[in-house]
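J.: Here is a sequence together with a model predicted from it:
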Amino acid sequence: MDSHPTVYIVGAGPGDPELLTVKAARLLKETDVLVYDRLVSEEILAMVPSGATRIFAGKAARDHHMPQDEINELLVSLAKSGQVVVRLKGGDPFIFGRGSEEAIVLAKNGVPFEIVPGITASAGCGSYAGIPLTHRGMATGVRFVTGHCRDGTHLDLNWQSLADPDTTLVIYMGLINVEKIRDELIKAGLPSSTPAGAIERGTTDKQRTILTNLKDLPASVKQAKLKAPSLLIIGRVVELAKELSWHIPALNSDLKEQDCE
């Protein structure tokens, strides 16, 4: 490949513009064309020069402004026109961001590219909510899964594997299927009293954090009227938010001592 990439697939981080990497911030100022997703904030978009072309390719669950195949074709076309293209995605491009799918298409078409990692939602939102993803004596590991189904399919995860009390479970795009997630995890053996949290618009000044337990998670989400983008975190570490919360635009805590026994 050419040593000068023409397409940069860049992670914008979880929301707070100050969590952009130095490299991502530099590329935003140097790009000719920006192709960006729904989760990219106005503060980050403001870093792009006024003369650059901006193309919105935003996607939400069950609502694709531009189908993925069209995005792939667009990136190839823009790159072959000789322009420097930044493909900007929320979070990290390689964690439920479909960045690898776009990179594969670029590679097959001989288009030089580079991947610029971003802080993924699980790390950013967890930190801003005071929930460490691992903690000695509480979690020896962490699992990332998506709670969103492919078109026309059912949510089919290895629930037995996920129902591990020693592991923190982080679920991206899980609001739509929160009841099924709760039911399947309990059926697989995870105690209904397991601490659980939901974080809406994490790392931003609109962040809302709900703390509860696995059994009551769907009801708490519904009562708070949480909307996407929201992240679900299930595991003993959620209990630590009672002590570690520091970014608190709005905090609702339903986690009681008996829920953690």
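T.: Done, it's in.
J.: what kind of secondary structure is Glu102 in?
T.: helix (DSSP: H, G, I helix; E, B strand; the rest coil).
J.: Please look at it and Arg87 and confirm they touch.
T.: Yes - between Glu102 and Arg87 there is a contact under C-beta atoms under 8 Å: 6.4 Å. All C-beta atoms are positioned from the backbone trio N, CA, C, and that covers glycine.
J.: Compare those two and say which is more crowded by neighbours.
T.: More crowded of Glu102 and Arg87, by other C-beta atoms under 10 Å: Arg87, with 30 against 24.
J.: does that one sit in a helix, a strand or a coil?
T.: Quick answer, by three-state DSSP: Arg87 is strand.
J.: picking up where we left off before, show me whatever sits in contact with both of Glu102 and Arg87.
T.: Residues touching both Glu102 and Arg87 by C-beta atoms under 8 Å, 6 or more residues apart in numbering: Ile9, Leu75.
J.: Neighbours of the nearest residue in space to Asp16 that is not next to it in sequence, how many?
T.: Using C-beta to C-beta, 6 or more residues apart in numbering and skipping residues adjacent in sequence, the residue nearest Asp16 is Thr203, 4.0 Å away. When neighbours are counted by other C-beta under 10 Å, Thr203 registers 25.
J.: In contact with Thr203, which residues?
T.: Thr203 neighbours (C-beta under 8 Å, 6+ apart): Gly13, Pro14, Gly15, Asp16, Leu19, Gly124, Cys125, Tyr128, His247.
J.: So which of those residues is the closest to Val238?
T.: Cys125 (12.1 Å; C-beta to C-beta).
J.: tell me the mean pLDDT for whichever strand or helix holds the closest one?
T.: Using DSSP states H and E, Cys125 sits within helix 121-128. The pLDDT scores in helix 121-128 average 97.
J.: Give me the contact list for that helix.
T.: Helix 121-128 is contacted by residues 13-16, 19, 90-91, 95, 132-133, 142, 144, 170, 172, 199, 202-203, 207, 229, 231, 233, 246-247 when judged by C-beta under 8 Å, 6+ apart.
J.: Just the ones in strands from the residues you listed, please.
T.: Of the positions in the contacts of helix 121-128, Val142, Phe144, Val170, Tyr172, Ile199, Leu231, Ile233 sit in strands, assigned by DSSP state E.
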